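> Need the 3D shape of this:
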Amino acid sequence: MNEHRIHQLFEISVLLKGAHALIECVGGIVLALVSTESILRLANRITQPELLNDPHDFVATHLLTWAQDFSVGTKNFYAYYLLSHGLVKVLLVIGLLRGKMWAYPASLIALGLFIAYQLYRFTDTHGIGLIVLTVFDLIVMVLIWKEYRIVRHHLPAGQARG
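Numbers count the residues shown, from 1 in each chain. Predicted coordinates for the structure are as follows:
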């Protein structure tokens, strides 16, 4: 694959990561501002019609149970996690898109840590979304690494290590 194509794929994947990071930030802020009671009311409103038709509906019963068990501590954890995770990724995406050399290794380390955590969470939740996110993160890591090597190769000799 030529350098131009790698760069295009790199930019697309980093932009997608940036969009995902912004969604995480917004989700964290919304979650921090919304009460657990509001979440339960929303879950009741969403699931009530389905449960009237089928009291054993798998998705509706699980969503309602999840909302009923959603504590303030859990809500605060997810709000903090989403916001902090999103902000770290936004900063890294900005650094990568601006071609900042520090952003390449920092992104590889951060994504590696996120992947380790996602795999740890998968052992507990078995959520397929975590596997999809992990595969995407691995692809992004490969593209970041390839782009980093290309950028370093094109830098003047004295700047390649700085």
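
> make it CA atoms for all contacts and neighbour counts henceforth
Will do.

> can you list contacts of the lowest-mean-pLDDT helix or strand in the chain?
In the chain, no helix or strand scores lower on mean pLDDT, DSSP states H and E than helix 58-68, which sits at a mean of 85. Helix 58-68 is contacted from outside by 36, 39, 40, 43, 44, 47, 50, 51, 55, using CA atoms under 8 Å, 6 or more residues apart in numbering.

> Most neighbours out of the residues you listed, which is it?
The member of the contacts of helix 58-68 surrounded by the most neighbours (other CA atoms under 10 Å) is residue 36, with 21 neighbours in all.

> measure the closest residue to it other than its chain neighbours to residue 5 for me?
Once flanking residues are discounted, residue 36 sits nearest to residue 72: 6.3 Å by CA to CA, 6 or more residues apart in numbering. Using CA to CA, to the nearest Å, residue 72 is found at 47 Å from residue 5.

> can you check residue 135 too?
20 Å.

> circling back to that earlier point, just the buried positions in the least confident helix or strand of the chain, please.
Residues of helix 58-68 classed as buried: 60, 61, 63, 64, 67, 68 (neighbour count, 16 or more other CA atoms under 10 Å).
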